[in-house]
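> Curious how this folds, go ahead:
(chains A, B, C and D)
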Number of protein chains: 2
Amino acid sequence: MIDFDDIKKEWMKNPEFVKEYEALEEEFSLVSALIAARSEADMTQQEVAEKMETSQSYIAKLEGGTVSPSMKALKRYAAATGSRLKISFEPTTPQ
Amino acid sequence: MIDFDDIKKEWMKNPEFVKEYEALEEEFSLVSALIAARSEADMTQQEVAEKMETSQSYIAKLEGGTVSPSMKALKRYAAATGSRLKISFEPTTPQ
DNA sequence: AAATATTATGTCAGATATGATATATATAAA
DNA sequence: TTTATATATATCATATCTGACATAATATTT
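Sure thing, here's the model as predicted:
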């Protein structure tokens, strides 16, 4: 049987792949955070859009990761879903 | 002597003021997070700009709060300052 | 199955962020 | 004070996001 962890380990030797992989991970973290917030609020894209005073299609773009939203957009999304946006910069290397 | 807390409490009865106050607080949190990350990395705006492949004036705009930066910009800022961007949506009302 | 609701994709105009340059202001060093 | 360093502001061209609409694709309900 195929062991994906082994394959991944092998691919991770390629710096190009690592870069892409990490970018995907970060993108996924934002997208999943958005969807989780809306799911938590039990709202449809249309409902969030109306509270944000924008269109459903734009919400789909945000959650689809096809745009890099501004802080302003994220704050409005948070407000619409009854949540609060928290951002922070965590050090990668100690000190 | 003047008690600013009392003054604030009085002003907080005005919804318009409350809205503005909270917006200022959020703006400040981003700005201070940016500056803290750069201070932690002990870098100048010029140094961060070079690592981000942009200009020093743009960093000043970010830290001055005159723009609402995109996620892409914040991620590059984080990478340049040796940190990692963390974003989350915290529920304001329990449940 | 059909009908409905929800989400995704495409296009376009207008708003805003980004990148670059120059310059002004502020802070620190000499 | 002078000099150097760091940060802020102004303007402009370009890129990207945002908003709106239509429509396609998917999922859910009846």
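> Point out where chain A drops to low pLDDT.
A:1-24, A:93-95 (pLDDT under 70).
> Run through the strands of it in chain order.
A:83-91 (DSSP state E).
> What parts of it come near DNA strand C?
Within chain A, the positions near DNA strand C by CB under 7 Å from any atom of the strand are A:44-46, A:56-57, A:60-61, A:63-64, A:66, A:70, A:72. In short, each C-beta sits where N, CA and C put it, glycine included.
> As JSON lines, the residues you listed with neighbour count would be great.
Output for the residues of chain A next to DNA strand C, formatted as JSON lines (neighbours: other CB atoms under 10 Å in any protein chain shown):
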{"residue": "A:T44", "neighbour count": "12"}
{"residue": "A:Q45", "neighbour count": "17"}
{"residue": "A:Q46", "neighbour count": "11"}
{"residue": "A:Q56", "neighbour count": "14"}
{"residue": "A:S57", "neighbour count": "9"}
{"residue": "A:A60", "neighbour count": "12"}
{"residue": "A:K61", "neighbour count": "13"}
{"residue": "A:E63", "neighbour count": "17"}
{"residue": "A:G64", "neighbour count": "10"}
{"residue": "A:T66", "neighbour count": "9"}
{"residue": "A:S70", "neighbour count": "17"}
{"residue": "A:K72", "neighbour count": "12"}
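> Tell me which of these fall in helices.
A:45-46, A:56-57, A:60-61, A:63-64, A:72 (DSSP state H).
> residue nearest the centroid of chain A?
A:L30 (1.6 Å; CA atoms, centre = their mean).
> ok, it to B:A60 distance?
26 Å (CB to CB, to the nearest Å).
> Same check on A:Q46?
As judged by CB to CB, A:Q46 and B:A60 stand 40 Å apart.
> Likewise for A:Q56?
Distance of A:Q56 to B:A60, computed by CB to CB: 37 Å.
> Name the nearest residue to A:V67, sequence neighbours excluded.
Of all residues beyond its chain neighbours, the one nearest A:V67 is A:K61 (5.2 Å), with distances taken as CB to CB, 6 or more residues apart in numbering or on different chains.
> Same check on A:M43?
Leaving aside its sequence neighbours, A:M43 sits nearest to A:T81 (CB to CB, 6+ apart; 6.4 Å).
> Now do the contacts for the one you found.
A:37-38, A:40-41, A:43, A:48, B:89 (CB atoms under 8 Å, 6 or more residues apart in numbering or on different chains).
> could those residues be laid out in TSV, adding distance to B:M52?
Listed next are the contacts of A:T81 as TSV, based on distance: CB to CB, whole Å:
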residue	distance to B:M52
A:A37	28
A:R38	31
A:E40	33
A:A41	34
A:M43	36
A:V48	32
B:F89	26
